[in-house]
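>>> the sequence isn't on hand, but the structure is:
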């Protein structure tokens, strides 16, 4: 397996995947806890729309996607649905669909339309450059530090959203909420460039969901989430290297296998617990 690391671009791809995996999977714990899994897809697609728009107008490939994504993060952080017949996920899903449609429309006018659409979806992680990695390291570290220092405030807000269907926020909580969406937006801008929309969505959602299936304590969920992200990066790259599959799709497929395994483990544990309880009742 480790012979693939004789190639420098595979080493760079693995490091980039690990950096993306750690920050995105941590943010994903809050995304899953808040029940807003479409947020990362929507922000990822808004970032891709920014890339497509920059390509269309011919300049601003760095700052245009950032402006688009941060604007989307600002919009989503203050989005509050009071009508109980409507769900926040539905509105976010509509934003995702509209951003996807405009991205395809813009990309269709570029010289390499189909190839560009594939790159937006699955990225080009094997072609990640040293400059890309440096930018990701700076941004991700800049995000990780405040999240490590203020993790109690962020987790407290997530738990409030888990417990209450229509929570009311204080001004301070709204600012923490905006900081959370800002973190997701910045992380996605730099991750989507290399990883593509679908792998980034997978890094955000699948590791925490898989961890929740097999663990209950908060600390264990965090540790298993990080473990899942690193293992999926390693085996995804190995599958891509060995069988010459597209890298982004390989990583997503490995995440799928891990999710299925966790689901089966959860099912078996439930059956064993139920059988043990029935056995105790029969003895009593």
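Alright, I've got the coordinates. From a predicted model like this one, the values you see are computed outputs, not experimental measurements.
>>> in the helix or strand encompassing residue 260, which residues are buried?
Assessed by DSSP states H and E, residue 260 sits inside helix 247-283. Neighbour-count burial for helix 247-283 flags 247-255, 258-259, 262 (criterion: 16 or more other C-beta atoms under 10 Å). C-betas here are computed from N, CA, C, even on glycine.
>>> and the most centrally placed residue in the chain, what is it in contact with?
In the chain, the residue lying closest to the centroid (C-alpha atoms, centre = their mean) is residue 204, at 2.3 Å. The contact partners of residue 204, by C-beta atoms under 8 Å, 6 or more residues apart in numbering, come to 24-25, 27-28, 31, 37, 40.
>>> how about 10 Å then?
With C-beta atoms under 10 Å, 6 or more residues apart in numbering as the criterion, the residues that contact residue 204 are 20-21, 23-32, 37, 39-41, 43-44, 184, 187-188, 191, 229.
>>> neighbours of the nearest residue to residue 5 once chain neighbours are set aside, just the number please.
Using C-beta to C-beta, 6 or more residues apart in numbering and skipping the chain neighbours, the partner closest in space to residue 5 is residue 11 (5.3 Å). By other C-beta atoms under 10 Å, 13 other residues sit near residue 11.
>>> quick check, residue 11 in contact with residue 130.
No - between residue 11 and residue 130 there is no contact under C-beta atoms under 10 Å: 11.3 Å.
>>> can you report how many residues neighbour residue 141?
11.
>>> contacting residues around it?
Residue 141 neighbours (C-beta under 10 Å, 6+ apart): 19, 23.
>>> measure it to residue 187 for me?
From residue 141 across to residue 187, the span is 11 Å (C-beta to C-beta, to the nearest Å).
>>> joint contacts of these two?
Counting by C-beta under 10 Å, 6+ apart, the residues touching both residue 141 and residue 187 are residue 23.
>>> shaky segments in the protein?
Filtered on pLDDT under 70, the chain yields the residue ranges 80-87, 111-123, 164-167, 281, 283-284.
>>> all the helices of the stretch 151-284 of the chain, residue numbers only.
151-163, 171-195, 197-214, 218-243, 247-283 (DSSP state H, counting those that start in this stretch).
>>> now distance to residue 125 too, for these, in a markdown table please.
A markdown table is the format used below for the helices of the stretch 151-284 of the chain (distance: least, C-beta to C-beta, whole Å):
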| stretch | distance to residue 125 |
| --- | --- |
| helix 151-163 | 28 |
| helix 171-195 | 5 |
| helix 197-214 | 8 |
| helix 218-243 | 8 |
| helix 247-283 | 5 |
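>>> residue 16 is nearest to which of these?
helix 171-195 (5.6 Å; C-beta to C-beta).
>>> for that closest one, buried residues please.
173, 176-177, 179-195.
>>> cool, stretch 68-83 as well?
Buried residues in stretch 68-83 (16+ other C-beta under 10 Å): 68-70, 72-73, 76-77.
>>> likewise for stretch 207-218?
So, applying 16+ other C-beta under 10 Å, buried residues of stretch 207-218: 207-215.
>>> stretch 25-44 too?
Applying 16+ other C-beta under 10 Å to stretch 25-44 flags 25-34, 36-44 as buried.
>>> before we move on, what about stretch 227-240?
Across stretch 227-240, burial judged by 16+ other C-beta under 10 Å covers 227-230, 232-240.
>>> who are the contact partners of residue 232?
17, 21, 25, 199, 202-203, 206-207, 210, 250-259.
>>> same check on residue 202?
21, 24-25, 28, 40, 195-196, 229, 232, 236, 248, 251-256, 259.
>>> so how far is residue 258 from it?
10 Å.
>>> TSV please, covering the buried residues of stretch 207-218 and showing distance to residue 269.
Formatted as TSV, the buried residues of stretch 207-218 follow (distance: C-beta to C-beta, whole Å):
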residue	distance to residue 269
207	19
208	19
209	16
210	14
211	14
212	13
213	9
214	8
215	11
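>>> surely residue 30 and residue 183 touch.
Yes - counting by C-beta under 10 Å, residue 30 touches residue 183, with 9.1 Å between them.
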